[in-house]
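>>> model this:
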Amino acid sequence: MDIKTINRFEKAQAKTLPGFAKLSLALLFIVVVFLWSYASHGNLPNNMFLIIGAVFGAYMAMNIGANDVANNVGPAVGSKALTLTGAIMIAAIFESLGAFIAGGDVVKTIKDGIINPSMIENPEIFIWAMTAALLSAALWLNFATSIGAPVSTTHSIVGGVMGAGIAAAGFAIVSWDTVGKIVASWIVSPLLGGIIAAAFLFFIKKQIVYQDNMLEASKKFVPVLIAIMTWTFSTYIILKGLKQLVELNFITAAIIGFLISVAVYFFVKPIIAKSSLKLSNTRSSVNTLFNIPLVFAAALLSFAHGANDVANAIGPLAAINDAIINVEISSKVAIPFWIMAVGAFGIVVGLMLYGPKLIKTVGSEITELDQMRAYSIAMSAAFTVIVASQLGLPVSSTHIAVGGVFGVGFLREILDNNEKRFLQETRKRFKRHKRELDFMQEELDRLELIKDKSKAHYMKIVELYKKIDDRENLVKQERKDVKDAKSTKYVKRDAIKKIVAAWIITVPAAAILSAAIFFMIKGIMVTA
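Below you'll find the predicted structure:
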């Protein structure tokens, strides 16, 4: 991470609340949830576990906000398309809107069919298991956030449910086919995300960055790229974000998204053409054309995330609520508004208090990002989920986003191998041209010393001046090329090791912790 980026994050974080104040506000939110659940359900039998479940659900939701939301806005912040404060505000608004508008009134309480609930006959044991799953997943997410490792919240709750289920009814309760798919997603998600992000970035480099007239190329291709982003995100939001409001198949969603993208193309094309008139023919200027698309991408990804991943916090809580009220175990339950509110507001509170740490990790600590690279990552996040869902492949939004960051970083390394060869060739040309320049300067000095100059001498002097000017400009450009080639940055290997290690151990760590908590709860309740 470059020094400017470090300073920018540190200054932004310095403006936020100190650690004690953050902890106090987080505890205040949990206390409010505790008081509300107690006041509204105090007359229910066995209401203690509903109140405890509400507290743990709030804690889980805050950890989702602190860890998972960074994937949606981190690249935009790292590329400087958004400020840290602006990103947090956009994410907070659209995460809560996604949860409330499209979060759905029915979810699977046993996440991804990881266990068979019919093997737990006693509703009380089921309640203990869901309570343990919530707390263990939240604790693991809290730990991962503290070390700056973006992990899958879905995998965390899956591990929690699996561990508690095994503790409650043995290994036979687990759907090991589902576990196998989850293990496969550790490879599939980042690999797909990385390949797609790298493909988009390579297209941008080839069609825009490597062109002599980047502005002319931008006027041609940036509207197309924005239209592709609109098509992808429209389809993504219809399929994933609005699936609880309107049920449409992939073909219908894609057609609607395409029509929207065509309208957007004709709308933005003259705007891009007008904006390019004020820009210079440099990569940094062209990068600014991607700022607005990245703001919309952050908002739309946050909306879809709130609609989908709020279930990781409120699914088990809804299961506890249903088991206590109906004294039975259901695989699907209705979600009361107050439970949805716990999840939605919890995500926002966690994001605003503790989100900057992971935003910093995703946005700048893996590889250096600019707007073109951040655009490629955002496209990868939406495009990969759509492709994977249609192919029936298990994926994690966290792994996709971080895999996208890896992808653009490794593409830069691959291209840099070519740049190193270019650097060597440029150095050779630079030295040769510098020698030629020195020789011409010596020849010019010799001719200038001649007192009685003939017409041929004057013509030679004029020609040398012109050649020296041309050669000096060439040498200056080659010196700049050498400097630019030297400044290439790479994917941080330490960050890769830390993140991949956290991914691999998320499910087993959450499962072991959940089983331990379940036995602790069981021991307390049996002896009470």
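>>> poorly predicted segments of the stretch 151-300 of the chain, please.
241-245 (pLDDT under 70).
>>> can you show me the helices along it?
153-169, 176-204, 214-236, 250-276, 283-287, 291-309 (DSSP state H, counting those that start in this stretch).
>>> chain neighbours aside, what residue packs nearest to the residue nearest to the spatial centre of the chain?
With distances taken as Cα atoms, centre = their mean, the residue of the chain nearest its centroid is Asn71 (2.1 Å). In space, Asn71 comes closest to Ala401 once its chain neighbours are excluded; the distance is 3.6 Å by Cβ to Cβ, 6 or more residues apart in numbering. The way it works is simple: take the backbone N, C-alpha and C, and place the C-beta from them, glycine included.
>>> what's the answer for Trp503, then?
Trp186 (5.7 Å).
>>> surely the one you found and Ile400 touch.
No. Using Cβ atoms under 8 Å, Trp186 is not in contact with Ile400; the gap is 11.7 Å.
>>> tell me which of those two has more neighbours.
Ile400 (30 against 19; other Cβ atoms under 10 Å).
>>> element containing the more buried one?
Element membership for Ile400 (DSSP states H and E) is helix 397-449.
>>> and that helix, what's its mean pLDDT?
The average pLDDT within helix 397-449 is 73.
>>> thinking again about what came up before, tell me the most buried of the helices of the stretch 151-300 of the chain?
helix 153-169 (a mean of 28; mean count of other Cβ atoms under 10 Å).
>>> can I get stretch 352-372 in CSV, CA atoms only?
The C-alpha coordinates for stretch 352-372 follow below in CSV (Å, rounded to 0.1, in the frame of the first residue of the first chain):
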residue,chain,number,x,y,z
MET,A,352,-20.4,2.5,10.6
LEU,A,353,-18.5,1.6,13.8
TYR,A,354,-16.0,-1.1,12.6
GLY,A,355,-16.3,-1.2,8.8
PRO,A,356,-13.3,1.0,7.9
LYS,A,357,-10.7,-1.7,9.0
LEU,A,358,-11.9,-4.2,6.3
ILE,A,359,-12.6,-1.5,3.8
LYS,A,360,-9.0,-0.6,4.1
THR,A,361,-7.9,-4.2,3.7
VAL,A,362,-10.0,-4.9,0.5
GLY,A,363,-9.4,-1.4,-1.0
SER,A,364,-5.7,-1.0,-0.6
GLU,A,365,-3.8,-3.6,1.3
ILE,A,366,-3.9,-6.4,-1.3
THR,A,367,-2.9,-4.5,-4.3
GLU,A,368,-3.0,-0.8,-5.5
LEU,A,369,-6.3,0.0,-7.1
ASP,A,370,-7.4,2.7,-9.5
GLN,A,371,-10.8,3.3,-11.0
MET,A,372,-10.4,1.0,-13.9
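>>> can you give me how far it is from the chain middle?
Distance of stretch 352-372 from its chain centroid, counting by Cα atoms, centre = their mean, to the nearest Å, is 9 Å.
>>> re the thing from before, who's in contact with the helix or strand that contains the residue nearest to the centre of the chain?
Using DSSP H and E, Asn71 sits in helix 70-78. By Cβ atoms under 8 Å, 6 or more residues apart in numbering, the residues outside helix 70-78 that reach it are 5, 82-84, 87-88, 90-91, 150, 294-295, 297-298, 301-302, 305, 355, 358-364, 368-369, 373-374, 377-378, 381, 397-398, 400-402, 404-405.
>>> so that helix versus helix 291-309, what angle?
170 degrees (axes from the mean of the first three to the mean of the last three Cα atoms, to 10 degrees).
>>> and the helix or strand just after helix 70-78, what does it pack against?
Using DSSP H and E, the next helix or strand after helix 70-78 towards the C-terminus is helix 84-102. Helix 84-102 is packed against helix 3-14, helix 70-78, helix 291-309, helix 337-360, with contacts defined by 3 or more Cβ pairs under 8 Å, 6 or more residues apart in numbering; DSSP states H and E.
>>> switch these over to a markdown table; also include distance to Leu134.
What follows is the helices and strands packed on helix 84-102, written out as a markdown table (distance: least, Cβ to Cβ, whole Å):
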| stretch | distance to Leu134 |
| --- | --- |
| helix 3-14 | 29 |
| helix 70-78 | 22 |
| helix 291-309 | 14 |
| helix 337-360 | 11 |
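>>> going by mean pLDDT, which of those helices comes out lowest?
helix 3-14 (a mean of 50).
>>> chain center to the following helix or strand past that one: distance?
Going down the chain from helix 3-14, the next helix or strand is helix 19-41, by DSSP H and E. Centroid displacement of helix 19-41 relative to its chain, using Cα atoms, centre = their mean, is 28 Å.
>>> do me a favour and average the pLDDT over helix 19-41.
The model assigns helix 19-41 a mean pLDDT of 89.
>>> so it versus helix 337-360, what angle?
160 degrees.
>>> which helices and strands does the following helix or strand past helix 19-41 pack with?
Per DSSP H and E, the first helix or strand lying C-terminal to helix 19-41 is helix 47-67. If you count contacts as 3+ Cβ pairs under 8 Å, 6+ apart, helix 47-67 packs onto helix 19-41, helix 123-146, helix 153-169, helix 311-326, helix 337-360.
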